[in-house]
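Visitor: Would you be able to build a 3D model of this:
(2 chains)
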Protein chains: 2
Amino acid sequence: MVEQLKCLDQQCELRVQLLQDLQDFFRKKAEIEVDYSRNLEKLAERKEHSILSPVNCWNLLLLQVKRESRDHATLSDLYLNNIIPRFAQISEDSGRLFKKSKEVGVQLQEDLMKVLNELYTVMKTYHMYNTDSMNAESKLKDAEKQEEKQMGRSDRQTPRSPDTLSSIKTDEKPVRRSSVKKIEKMKEKRQAKYTENKLKAIKARNEYLLALEATNSCVFKYYIHDLSDIIDCCDLGYHASLHRALRTYLSAEQNVETSKHSGMETLEGAAESLEANGDKQKLMETYNNVFCPPARFDFQSHMGDTGVVCAQQPLESELLQRCQQLQSRLSTLKIENEEVKKTMEATLSTIQDMVTVEDYDVSECFHHSNSMESVKSTFSESYLSKPSLAKRRANQQETEQFYFTKLKEFLEGRSLITKLEAKHDLIDKTMGESQKSDCCLASGRRNSALRKQESGEVIPLMVESCIRFISRHDGMSVI
Amino acid sequence: MVEQLKCLDQQCELRVQLLQDLQDFFRKKAEIEVDYSRNLEKLAERKEHSILSPVNCWNLLLLQVKRESRDHATLSDLYLNNIIPRFAQISEDSGRLFKKSKEVGVQLQEDLMKVLNELYTVMKTYHMYNTDSMNAESKLKDAEKQEEKQMGRSDRQTPRSPDTLSSIKTDEKPVRRSSVKKIEKMKEKRQAKYTENKLKAIKARNEYLLALEATNSCVFKYYIHDLSDIIDCCDLGYHASLHRALRTYLSAEQNVETSKHSGMETLEGAAESLEANGDKQKLMETYNNVFCPPARFDFQSHMGDTGVVCAQQPLESELLQRCQQLQSRLSTLKIENEEVKKTMEATLSTIQDMVTVEDYDVSECFHHSNSMESVKSTFSESYLSKPSLAKRRANQQETEQFYFTKLKEFLEGRSLITKLEAKHDLIDKTMGESQKSDCCLASGRRNSALRKQESGEVIPLMVESCIRFISRHDGMSVI
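Guide: Prediction:
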């Protein structure tokens, strides 16, 4: 029974130790979390302002780290000010309950000892009384033997049972009669003594048997019910309080997870919104003064001369021929440049396939978490050490180089086409209007007169289209 | 146009800076994660072996920290060996693309300058030729004026238009005729010169107008298409690669989350499995030698005496009376103890309500994560600083004290009941069997005879029930 209390003491010590370990654990984890939080906070300090989508991602990344920093600071705070105090209280409660339960146990053991002492006492009494009873019985037997001897001498034919004490006859010889009387008296006395002792012994045996039964029941009850009840008392609220403390930890971690998850979703949204065209628009709007087209170059008139192409003879046929030549040159150039463009676009498409390859799933690096084995060696090779990566990058740069070659070719072609097409279109347009504008090869005066006459019809065609672009002049337009 | 290239340079610098920042960010975060991982690893080192549910929770907690340690180590490794190299590559690619794009831009700007220089040249030519044409015209006009003067002197009635050069008459005076001829010749020469110059000027004007149209088209094309194309070239794959890098980060974080979540679920399961009764069973099984009931105490027979209660007269009536007294005492005790038990159980139920209060939701401490404000002050008070907590704990301890008072009362009562009931039941049983066992108040010899006769029937009833518990004797059973 001393072992039982020792065992409970040991359980109490283990429990206190466990709760101390839990407190130490959360104290250290609080330190780790607050360290982590502080480091993340430092990391989150910088933030830039820009409307471009990659900078938006960067800002959200910093915001996310700030959020994680705060969450881990909260975690640390919860460890220190909620979870650890809970364990401390459970430890305190446990200690108190163990002390009280032990007191109850000691009391029960003391009561049991009393019962056992009682049993010992009644057993001793029974043994004593039984000894007395047996002594009395043997003395009675001695008396009976003496009587029998006496009877055998005086009246051998009369056998007597030792317990028929009423058959004493008075008609025997006086000497023998006095001897017989003496023996009978002694036997009578011894019979009474024996009966008395026998009854006492039987009573003592009954008491012993009853005490034995009671003791066995009490021992049985102690082992089957009392010990269990004492352990229950030690456990009173322990598991429930421990459950609540762990639940608090889980709730804290769950909140960190939820918060992080929502931040990651925002970041994911920003990553999905990474968009080149939108950024280009924003850039051009921001640097409007640099990227806005300048005003169209005006016709720099000389001494009031009009800016109209003259297509009268002898220039008409020359212009017509030139127009046809431009036309034919342009159709060749356009066909050629369309080919270049197709190759360029196919190359671009190849590059786009290369840069959008879905190589970002790193799940395999985390498989060790399930097996719990050290697999440091496997997780670095996923991205960098693959020999295919270098090959892929070389291939990408080669494709890129080819793309730029084709792009330059295309842009050169487009420039030429733009230039020739503008000339062709102006000649073509002028030829269509040549009837009206016979403005050029007449004499100066008639020319002037015509200029005044048709100024409302011919000149504006050119001027107006120029004016359309005029908003601001920069240095280049005077060249 | 220089500004355009400067602007692209600036964008390139910003981009390289952003990518450098991202690399620095992930390098530092990798350090933070590996620090965090190492700290968690140290924390996870200890692990104990026990089958009790709280120790199971403790082991899972350590296992969880180990898992987190590994996950954060993996995270750190992924930052260093996957994410940072991606940003480095994007930076390298960006730099190369900007360089190539800038070359294309410079080429386009040079081509545009050529077009503008051409325009300047043809404009100057036009101005020069137009000046020549106007000079020729004014010289022609001078000649026409002289001719008119001459004509006015010789034939005033004949007005001539200056352009009808075919009306020279040969029947005039020789002096005047030679003078007229001279003037006419001069005029003819000047007319030819003017016509030639006028044609050249008109041609030059046409060239200037065509060049002007071509230039405006080229400038327009440059601003509307070329600049956009150059920016596209700078962006080639940038957003897609950035997207993949961020996706890698998100994938890594997602895996950490999933891993942590599954660990937390295991821990949650263990917290839900915290169970006092199971632990009690396990404890008692583990310390079987301490908690197993000892063998029943045997009847310690004296000199071969039998262990049977004797209920023959004159003991029968005494035992009967005793049995009735025990019966009545027991029913009173049982009623009283049942009352105590009810009070005790109600108190226990109150305590259980107290220790299972659901006070572990710490969500409110994390609300700051959404508002992103510093609310340090609010989150500590949730558990500890509530004045209700101290009150609650005091109340709990008071209830606990009351519970122990009632428990002691109940256990005392139960001990007494057990003792008395055992005695009562044995007497009661003996009374039922008293006809058979008239074993006690006969003489020693008849008693012995009876013992031998009935040994097969009466004694085993007691002995056998004793034997049932005998497996091992400890020190106590000899008392």
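
Visitor: Now do the helix of greatest length in chain A: which elements does it pack against?
Guide: If you go by DSSP state H, chain A has its longest helix at helix A:84-154. Contact partners of helix A:84-154 among helices and strands, from 3 or more C-beta pairs under 8 Å, 6 or more residues apart in numbering or on different chains; DSSP states H and E: helix A:2-43, helix A:174-221, helix A:227-235, helix A:238-272, helix B:387-433, helix B:444-454. In this view, the C-beta of every residue, glycine as well, is placed from N, C-alpha and C.

Visitor: Serialize those to a markdown table and add fields for mean neighbour count and mean pLDDT.
Guide: As requested, the helices and strands packed on helix A:84-154 are arranged in a markdown table below (neighbours: other C-beta atoms under 10 Å in any protein chain shown; pLDDT from 0 to 100):
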| stretch | mean neighbour count | mean pLDDT |
| --- | --- | --- |
| helix A:2-43 | 18 | 83 |
| helix A:174-221 | 19 | 88 |
| helix A:227-235 | 21 | 92 |
| helix A:238-272 | 20 | 94 |
| helix B:387-433 | 17 | 92 |
| helix B:444-454 | 14 | 37 |
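
Visitor: does A:Asp359 count as helix, strand or coil?
Guide: The three-state label for A:Asp359, taken from DSSP: H, G, I helix; E, B strand; the rest coil, comes out as coil.

Visitor: Now do the phi/psi pair for it.
Guide: phi -110, psi 30 (degrees, to the nearest 10).

Visitor: near chain B at all, stretch A:209-227?
Guide: Yes. Where contact is defined by C-beta under 8 Å from any C-beta of the partner chain, part of stretch A:209-227 touches chain B, namely A:209-210, A:212-221, A:223-227.

Visitor: and the residue minimising distance to the centre of chain A, what is it in contact with?
Guide: The structure's chain A has its C-alpha centroid closest to A:Glu257; by C-alpha atoms, centre = their mean the separation is 5.9 Å. If you count contacts by C-beta atoms under 8 Å, 6 or more residues apart in numbering or on different chains, A:Glu257 has them with B:Glu257, B:Lys260, B:His261, B:Met264.

Visitor: The last one is in contact with A:Ser251, isn't it?
Guide: So the one you mean is B:Met264. No. B:Met264 lies out of contact with A:Ser251 (C-beta atoms under 8 Å); the separation is 10.4 Å.

Visitor: The longest helix of chain A to helix A:238-272, inter-axis angle?
Guide: Computed with axes from the mean of the first three to the mean of the last three C-alpha atoms, to 10 degrees, the direction of helix A:84-154 lies at 150 degrees from that of helix A:238-272.

Visitor: I'd like the average pLDDT over helix A:84-154.
Guide: Averaging pLDDT along helix A:84-154 gives 90.

Visitor: Repeat that for stretch A:335-351.
Guide: For stretch A:335-351, the mean confidence score works out to 96.

Visitor: buried ones in that stretch?
Guide: Applying a neighbour-count criterion of 16 or more other C-beta atoms under 10 Å in any protein chain shown, the buried positions in stretch A:335-351 are A:Asn337, A:Val340, A:Lys341, A:Met344, A:Thr347, A:Leu348, A:Thr350, A:Ile351.

Visitor: what's the nearest residue to the first one if we skip its chain neighbours?
Guide: In this structure, A:Asn337 finds its nearest non-sequential neighbour in A:Gly413, 3.7 Å apart by C-beta to C-beta, 6 or more residues apart in numbering or on different chains.

Visitor: Okay, the nearest residue to A:Met284 once chain neighbours are set aside and A:Thr418: tell me how far apart.
Guide: Counting by C-beta to C-beta, 6+ apart, A:Phe291 is the residue found nearest to A:Met284 once chain neighbours are left out, at 4.4 Å. Counting by C-beta to C-beta, to the nearest Å, the gap from A:Phe291 to A:Thr418 is 19 Å.

Visitor: Just to check, A:Val362 is in contact with B:Leu78?
Guide: Yes. With contacts counted by C-beta under 8 Å, A:Val362 reaches B:Leu78, the gap being 5.7 Å.

Visitor: out of those two, which sits in the busier spot?
Guide: Taking A:Val362 and B:Leu78 together and counting by other C-beta atoms under 10 Å in any protein chain shown, B:Leu78 has the greater number of neighbours (28 against 25).

Visitor: Which helix or which strand is home to that one?
Guide: According to DSSP states H and E, B:Leu78 maps onto helix B:53-78.

Visitor: quick one, that helix and helix B:2-43 angle?
Guide: Going by the same axes, to 10 degrees, helix B:53-78 makes 150 degrees with helix B:2-43.

Visitor: in helix B:53-78, what counts as buried?
Guide: Applying a neighbour-count criterion of 16+ other C-beta under 10 Å, one finds B:53-78 buried in helix B:53-78.

Visitor: Of the residues you listed, which are in range of chain A?
Guide: Restricting the buried residues of helix B:53-78 to those near chain A by C-beta under 8 Å from any C-beta leaves B:53-55, B:57-58, B:61-63, B:65-67, B:70-71, B:74, B:77-78.
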